[in-house]
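S.K.: I'll drop the sequence and a predicted model, then ask my questions.
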Amino acid sequence: MSAHLLSAGGVSGETRHGALRDMFVLGVETSCDDTAAAVVRRRADGGCDILANRVWAQHEDHAAYGGVVPEIAARSHVERLDRTVIDTIADSGVAFGDLDAVAATAGPGLVGGVMVGLTTAKAIALAHSKRLVPVNHLEGHALSARMTEAAPFPYLLLLISGGHTQLISVDGVGAYRRLGSTIDDAAGESFDKTAKLLGLGQPGGPRVEAAAVGGRRDRFAFPKPLDKREGCDFSFSGLKTAVRDAAAGLGAPTGQDIADLAASFQFAAARHLAMRTEKAMTMVEDARAQDKQEEAAPRRLVVAGGVAANCAVKSMLDELCRRRGWAMVVPPPKYCTDNGAMIAWAGAERLAAGLAPPHDAAMALAPRARWPLAPPPAGREIGGGRKGPKA
Ligand code: KG4
Ligand code: ZN
């Protein structure tokens, strides 16, 4: 570990926290294949300024293997994290000594990578006498929209990433109720697998989106998963199989065939996300009607996670929200995909809400490969889309 990270400097190392003044938090994210760090300021008024944000994507390191290799990811984090943190701190203009806390992803994710980030964050926090805030990566995504957009609680969250696909009622910081989740693949995982199948390379989501640009989304009629099923769970594995069968049926697909397959898959995936989100909207509205609070409560959908960067997905959800009279909030694409700012911000939100663990408990926390943000509804402890490389 670089001595730069540990040498004490700046102002007093005294730990300060609270919601009534500006707070500076360094965030570290290493749960998958992005080595990321950021410094955010949580203003006394609850607003957020992202002072520095660096992401070192590892795509090249994994390219030869067609997917993320956990051991390579962990080694790349070891090689790059110190530099990334030092550069981020320099960009931010905030000295280590001026930080209020260091937040780091403590799970869920590839445990080797999480260990690298969490251990580094612990060392920085100890060396500079700062608080450590271990953050659930999914909470980072869940609160990410609040950095740049107006997204007061409560809201319905559609969390669509490489390892997770969930609909969650977000009632406040730390107050999450899961309404539905995938019973097999995650949304991002299905984009990644489709990209692999079509020979588009990785990262799959952006490659499929780019390939779909010149394609016809109505050429292949892919299924509507769980069409007849109540509730708002998701399923993506059937879509992936349908793409594989359609591609096999073409023999040697042309460039136009690939574009049509990508566009038709993307359309079917976006439609599935919208159809299940609509079910969750109805659940939320019905619950509020029962509580007689439908007038007061806002109808707000927040979309987060890497797949929220996809324009076809966004426009289908936008159409749904307009039809149902809901507002839609989506962070800019660079804060949809993994980043350190959302981890710093979740740490700051926890600190401001008095929900960060005490020093000893935070320091003792071990990295977690699995860490649900919200438990599934009783009797439905299934699936979760945790099989992919992003899990
Ligand atoms: O949130 P994220 O960066 O990492 C996880 O926490 O999983 O999400 C990564 C996932 C990948 O599966 C990636 O293919 C997908 O998000 N993704 C996209 C797009 N950009 C990233 N999927 C569809 N369209 C995109 N433009
Ligand atoms: Zn993520």
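M.R.: Thanks, I have the structure now. Numbering: from 1, shown residues only. Ligands and ions are numbered 1, 2, ... in the order given.

S.K.: And the lowest mean pLDDT element among the helices and strands of the chain?
M.R.: Scoring the helices and strands of the chain by mean pLDDT, DSSP states H and E places helix 3-6 at the bottom, with a mean of 65.

S.K.: The stretch 151-300 of the chain: helices as residue ranges?
M.R.: Here the stretch 151-300 of the chain has its helices, by DSSP state H, counting those that start in this stretch, at 187-197, 204-212, 237-249, 255-290.

S.K.: among those, which is the most enclosed?
M.R.: helix 187-197 (a mean of 26; mean count of other CB atoms under 10 Å). Yep, even glycine has a C-beta here, placed from its N, CA and C like the rest.

S.K.: How far off centre is whichever helix or strand comes after the least confident helix or strand of the chain?
M.R.: Following helix 3-6 in sequence order, the next helix or strand is strand 23-29 (DSSP states H and E). Remark: strand 23-29 is offset 16 Å from the chain centroid, using CA atoms, centre = their mean, to the nearest Å.

S.K.: Can you list the strands that strand 23-29 pairs with?
M.R.: If you go by DSSP bridges, strand 23-29 pairs up with strand 34-42 (antiparallel), strand 101-107 (parallel).

S.K.: Could you dump those into CSV with distance to ligand 1 added?
M.R.: Below are the strands paired with strand 23-29 laid out as CSV (distance: least, CB to the nearest ligand atom, whole Å):
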stretch, distance to ligand 1
strand 34-42, 7
strand 101-107, 10
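
S.K.: Of all the ones you listed, which one comes closest to residue 332?
M.R.: Ranking these by proximity to residue 332 (CB to CB) places strand 34-42 first, at 13.8 Å.

S.K.: Could you look up the SS state of the residue in the stretch 251-391 of the chain that ligand 2 sits nearest to?
M.R.: In the stretch 251-391 of the chain, the residue that lies nearest ligand 2 is residue 338 (4.3 Å; CB to the ion). Under the three-state scheme (DSSP: H, G, I helix; E, B strand; the rest coil), residue 338 adopts coil.

S.K.: Measure how buried it is and give me the count.
M.R.: Counted with other CB atoms under 10 Å, residues neighbouring residue 338 total 27.

S.K.: Hmm, residue 36 and it touching each other?
M.R.: Yes - the criterion here is CB atoms under 8 Å, and residue 338 meets it with residue 36 at 6.1 Å.

S.K.: Identify the contacts common to the two.
M.R.: 29, 55 (CB atoms under 8 Å, 6 or more residues apart in numbering).

S.K.: Excluding chain neighbours, what is closest to the closest residue to ligand 1 within the stretch 151-300 of the chain?
M.R.: The nearest approach of the stretch 151-300 of the chain to ligand 1 comes at residue 205, 2.0 Å away (CB to the nearest ligand atom). Distances taken as CB to CB, 6 or more residues apart in numbering place residue 191 nearest to residue 205, at 4.1 Å, with adjacent residues excluded.

S.K.: Out of the helices of the stretch 151-300 of the chain, flag the one nearest residue 139.
M.R.: Using CB to CB, those put helix 187-197 closest to residue 139, at 17.8 Å.

S.K.: The closest one: how far from the chain's middle?
M.R.: The answer for helix 187-197 is 17 Å, by CA atoms, centre = their mean.

S.K.: Dump that helix to CSV, restricted to CA.
M.R.: Output of helix 187-197 as CSV, limited to C-alpha atoms (Å, rounded to 0.1, in the frame of the first residue of the first chain):
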residue,chain,number,x,y,z
ALA,A,187,-31.1,-7.9,-16.4
GLY,A,188,-27.5,-6.9,-17.0
GLU,A,189,-26.4,-10.5,-17.0
SER,A,190,-28.9,-11.2,-19.8
PHE,A,191,-27.4,-8.3,-21.8
ASP,A,192,-23.9,-9.6,-21.2
LYS,A,193,-24.9,-13.2,-22.2
THR,A,194,-26.6,-12.0,-25.3
ALA,A,195,-23.6,-9.9,-26.3
LYS,A,196,-21.4,-13.0,-25.9
LEU,A,197,-23.8,-15.1,-27.9
